[in-house]
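Colleague: Whatever this is, show me its structure:
(one chain, ligands or ions: 1)
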Amino acid sequence: MEKYYIGIDLGGMSAKAGLMDGKGTIHCMDRCKTDPGDPVETTLENLATLAKKLMAEYDITKDNVEAIGIGSPGVIDSGTGTVVHWSNFHWNNVPLAEGLSAKTGLPVFVANDANAAALGEAKFGSGRNYEDSVMLTLGTGIGGGIVLGGKLFEGYRSAGGELGHTVIRRGGIKCTCGRYGCFECYASATALKRDTRNAMERHPESLMWQSVSSLEDVNGRTAFDAARRGDETAKMIVNNFIECLGDGIVNIVNLLRPQVIIIGGGVSNEGDYLLNPVREFVYEHIYAPREYAPLEIVRAQLGNDAGIYGAAAYAMARMLAKTCL
Ligand SMILES: [Zn+2]
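Modeller: Here you go, the predicted structure:
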């Protein structure tokens, strides 16, 4: 009997789920709304309904499903499947795995969402040909995930892998974590937009003003689009962004020396226009040369589905670890 895994990517506005077989093929996907105002019980009920809908859509029962994996925002204790803290939902010590398991009758495993996405890309996306990969998702912050020897590395009580909160500018910009000069203060989409707005204010002649009517309309593409058209101010913003991203990547590479760095998030849609200079910077600055230990820097492939793949892969990995014991 074919066994399946359900992967749920839990977010602040919706939860997306997919039904995956043991080979990594997703057979159907669905989603439901989530709301920060909902009581925990309602969210659990919605997730259980979502899982049951997937089984019904593919005409299988829970006997065909090995486990459910969830990628959740916040600080996660994956050992117990507890959401230790999720500020957006005001969740503290919510036993998510236990709660959903009670409603579905299936084993449930929970990982941090950035970690789940990294595992998804590592197993079924850009990292599938490598054992060791690190994924960086450039968004509001920088989400990071480390996969070593094909396994997700989560650190003690799954509190590790916070690659966005490593300092690249001592005494720099204040981060949401309380430190100054964190990687994500310089190389996230939020940082790029902030730098773009600041430069536009200083340079009213910049071509960047042609693509937006006000500073509120600035997005992660504004500087890149104008830089492609030769705008000097935009090129300066893009170059600075590339060097900050490069510095952060060099730190990670020197520490872990993965075989591949996978870049995700909207900014990665800039493709080689972003990645080629990042590669050049990183290859020039890493400690052990690339001729000795090959290193690739690539775009994420699974897009918004990485979290679903990763959550299902996480459930699979945890079930395999169980049977090996
Ligand atoms: Zn920080």
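
Colleague: alpha carbons only for contacts and neighbour counts from here, please
Modeller: Fine.

Colleague: In which helix or strand does the residue of the stretch 201-325 of the chain found nearest the ion reside?
Modeller: Nearest residue of the stretch 201-325 of the chain to the ion (CA to the ion) works out as residue 248 at 12.7 Å. Element membership for residue 248, per DSSP states H and E: helix 232-256.

Colleague: what distance separates that helix from the centre of its chain?
Modeller: Averaging C-alpha positions (CA atoms, centre = their mean, to the nearest Å) puts helix 232-256 18 Å from its chain's average.

Colleague: for the protein, which spans come out with low pLDDT?
Modeller: 324-325 (pLDDT under 70).

Colleague: in it, which spans are helices?
Modeller: 40-57, 96-104, 113-124, 184-187, 189-202, 208-211, 222-228, 232-256, 272-285, 306-324 (DSSP state H).

Colleague: so which of these is the most packed in?
Modeller: helix 113-124 (a mean of 30; mean count of other CA atoms under 10 Å).

Colleague: Which secondary structure elements does that helix sit against?
Modeller: Here helix 113-124 touches strand 65-72, strand 133-138, strand 142-148, strand 151-153, helix 306-324, going by 3 or more CA pairs under 8 Å, 6 or more residues apart in numbering; DSSP states H and E.

Colleague: coming back round to it: apart from its neighbours in sequence, what residue is nearest the residue of the stretch 201-325 of the chain closest to the ion?
Modeller: residue 183 (6.0 Å; CA to CA, 6 or more residues apart in numbering).

Colleague: Could I get the contacting residues of residue 290?
Modeller: residue 283 (CA atoms under 8 Å, 6 or more residues apart in numbering).

Colleague: Please parse this structure into its domains.
Modeller: 4-120+304-324, 130-301 (automatic domain parsing).

Colleague: who are the neighbours in contact with residue 308?
Modeller: 7, 8, 9, 16, 17, 18, 71, 116, 117, 120.

Colleague: Same list (the residues you listed) but as CSV, adding distance to residue 301.
Modeller: Formatted as CSV, these follow (distance: CA to CA, whole Å):
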residue, distance to residue 301
7, 17
8, 18
9, 17
16, 17
17, 18
18, 17
71, 18
116, 14
117, 11
120, 10
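
Colleague: out of these, who's nearest residue 197?
Modeller: Nearest to residue 197 out of those is residue 117 (CA to CA; 29.8 Å).

Colleague: so how far is the ion from that closest one?
Modeller: 20 Å (CA to the ion, to the nearest Å).

Colleague: Distance-wise, check that residue relative to residue 184.
Modeller: 18 Å (CA to CA, to the nearest Å).

Colleague: Nearest the geometric middle of this structure, what residue?
Modeller: In the chain, the residue lying closest to the centroid (CA atoms, centre = their mean) is residue 114, at 3.5 Å.

Colleague: Distance of that residue relative to residue 166?
Modeller: Separation of residue 114 from residue 166 (CA to CA): 16 Å.

Colleague: Residue 194 too?
Modeller: Taken as CA to CA, the span from residue 194 to residue 166 is 20 Å.

Colleague: repeat for residue 281
Modeller: 19 Å.

Colleague: now do residue 280
Modeller: 22 Å.

Colleague: residues in contact with the one residue in the stretch 101-250 of the chain that gets nearest to the ion?
Modeller: Here the stretch 101-250 of the chain gets closest to the ion at one residue, residue 165, 3.8 Å apart by CA to the ion. Neighbouring residues of residue 165 by CA under 8 Å, 6+ apart: 177, 182, 183, 184.

Colleague: In TSV, list those residues along with distance to residue 47.
Modeller: As requested, the contacts of residue 165 are arranged in TSV below (distance: CA to CA, whole Å):
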residue	distance to residue 47
177	30
182	34
183	34
184	31
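
Colleague: Filter the residues you listed down to the buried ones.
Modeller: 182, 183, 184 (16 or more other CA atoms under 10 Å).

Colleague: List, out of these, those positioned next to the ion.
Modeller: Restricting the buried ones among the contacts of residue 165 to those within reach of the ion (CA under 5 Å from the ion) leaves residue 182.

Colleague: How about the residues of the stretch 151-300 of the chain by the ion?
Modeller: So the stretch 151-300 of the chain meets the ion at 165, 175, 177, 182 (CA under 5 Å from the ion).

Colleague: From those, which land in strands?
Modeller: Using DSSP state E, no member of these sits in strands.
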